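Engineer: let's see this in three dimensions:
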Amino acid sequence: MNEMVNNPFVIKTFNRGISKNPEYNVMFNHYFEELHNLAISSIEIENLPDEIEEFYMADIVFFSGQGLMIYDDIVDMYAFTNMSESGMIDAYSHGEFRYSYATPGYLKRYNKWDSVIFRDRPTGVSYFASIMQFAKTLANLWMTREINLNALKTPVVIKAPKELNLSYKLLIQDVQNYVPILNVDNDFDLERVQTLKLDTPVIFDKIEEQIHKVKMEALSFLGYDVSAVEKKERVQSADAQQNQEQNFGNRTTRLACWERACRQANKLWGLDLHARFRTEAYIDARNFLYMNEQNGDNSENERGEIDE
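Structural biologist: Alright, predicted model coming up:
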């Protein structure tokens, strides 16, 4: 029983609740999980010990900003767990002790001589909050798009006497069924009918463009080269260089953090770990970018040249 309690090799689960609107929740979770998966699948650690699950390792860093790689001599295995620091603070603001913890109930103290901290950012701040905000923005845009589409379905308000209600219900059914010619009786008095045309503006196309823009910003934020994901006809030459520099900077910063930790692990345990940006993830990034677009073709696989 004690061995199970002190076993760090257990995957945990997360539950989230965002809004009382179920439709919004569906879209928020959809966008969050898409970006979450793109974040944790973008970094690959080569030659990782078999007992460490790579995506779980990236998941801890995604939610917590950092994680601890250890070698547990009791179970004679490497592990990657959540962590906290305590004790005297050194010149680099690191605690003297590092506590490795995992469910259910694993807790063990390490230090800088027998463990390695992996981070996604130099500050140790996680991507979780930022991806949450991107997902909220995308879900709000999607809901606004749906509201606009629904408003376009009922562009006219009709006021008529009660005795004409049945006739108008049948007439409206014909309209909804796309009947091209509407027939009415001779005694159908149009002068007794009042209409109010709502003139709902058509903005869903502009919202779709904004959704595309926010998706591009999110991918760039994670270090994806959006010029390799974006369709060639949509790339503006004036912005291409600026976007490429921003993408390169974000990607280089992430890789530098992972590669530094890999070097420390190699020195400590004699491993041969190396971090790289997983180019295969660009397929998923392209599918995410053009998802639900009317003219989008997700079958293409043009990733372009990717700067390493």
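Engineer: quick one: neighbours of the closest residue to residue 277 other than its chain neighbours, just the number.
Structural biologist: Ranked by CB to CB, 6 or more residues apart in numbering and with sequence neighbours excluded, the top spatial neighbour of residue 277 is residue 251, at 5.7 Å. Backbone N, C-alpha and C define where each C-beta goes, glycine included. Residue 251 has 21 neighbours, counted by other CB atoms under 10 Å.
Engineer: residue 172 too?
Structural biologist: 14.
Engineer: buried residues in the strand or helix carrying it, which are they?
Structural biologist: Assigned by DSSP states H and E, residue 172 belongs to helix 165-176. Buried positions in helix 165-176, judged by neighbour count with 16 or more other CB atoms under 10 Å: 168, 171.
Engineer: the strands in the stretch 1-150 of the chain, which residues?
Structural biologist: Remark: strands assigned in the stretch 1-150 of the chain by DSSP state E, counting those that start in this stretch are 43-46, 66-72, 77-89, 95-102, 106-110, 115-119.
Engineer: surely residue 204 meets residue 151?
Structural biologist: No: judged on CB atoms under 8 Å, residue 204 makes no contact with residue 151 at a distance of 9.7 Å.
Engineer: who's in contact with the residue nearest to residue 277?
Structural biologist: 223-225, 277, 307 (CB atoms under 8 Å, 6 or more residues apart in numbering).
Engineer: pLDDT check: weakest of the residues you listed?
Structural biologist: Lowest pLDDT among the contacts of residue 251: residue 307, with 43.
Engineer: enumerate the positions of the helix or strand harbouring the residue nearest to residue 277 that are buried.
Structural biologist: Under the criterion of DSSP H and E, residue 251 resides in helix 237-269. Within helix 237-269, the residues scored as buried using 16+ other CB under 10 Å are 243-244, 246-248, 250-251, 254-255, 257-262, 264-265.
Engineer: same question, stretch 47-55
Structural biologist: 48-49, 54.
Engineer: quick check: end-to-end length of that stretch?
Structural biologist: In stretch 47-55, first residue to last residue: 14 Å (CA to CA, to the nearest Å).
Engineer: can you say which of the contacts of residue 251 are buried?
Structural biologist: Using 16+ other CB under 10 Å, the buried members of the contacts of residue 251 are 223-225, 277.
Engineer: between those residues, which sits nearest residue 80?
Structural biologist: Nearest to residue 80, judged by CB to CB, of the buried ones among the contacts of residue 251 is residue 277 at 19.5 Å.
Engineer: what's around the nearest residue to residue 55 once chain neighbours are set aside, how many residues?
Structural biologist: Spatial nearest neighbour of residue 55, chain neighbours left out: residue 40 (5.5 Å); criterion: CB to CB, 6+ apart. Using other CB under 10 Å, residue 40 is surrounded by 22 other residues.
Engineer: separation between residue 40 and residue 278?
Structural biologist: 10 Å (CB to CB, to the nearest Å).
Engineer: and residue 160, by the same measure?
Structural biologist: Relative to residue 278, and taking CB to CB, residue 160 is found at 63 Å.
Engineer: just to revisit the earlier point, the helix holding residue 251 to strand 115-119, inter-axis angle?
Structural biologist: On the basis of axes from the mean of the first three to the mean of the last three CA atoms, to 10 degrees, helix 237-269 is oriented at 170 degrees to strand 115-119.
Engineer: and helix 237-269, how far out from the chain middle?
Structural biologist: 19 Å (CA atoms, centre = their mean, to the nearest Å).
Engineer: now swap in stretch 121-140 and tell me
Structural biologist: What separates the centre of stretch 121-140 from the centre of its chain is 8 Å, taken as CA atoms, centre = their mean.
Engineer: how about that stretch: buried residues?
Structural biologist: 121, 126-128, 131-132, 134-139.
Engineer: what's the answer for stretch 146-162, then?
Structural biologist: In stretch 146-162, counting by 16+ other CB under 10 Å, buried: 148, 160.
Engineer: quote the end-to-end distance of that stretch.
Structural biologist: End to end - CA to CA - stretch 146-162 spans 32 Å.
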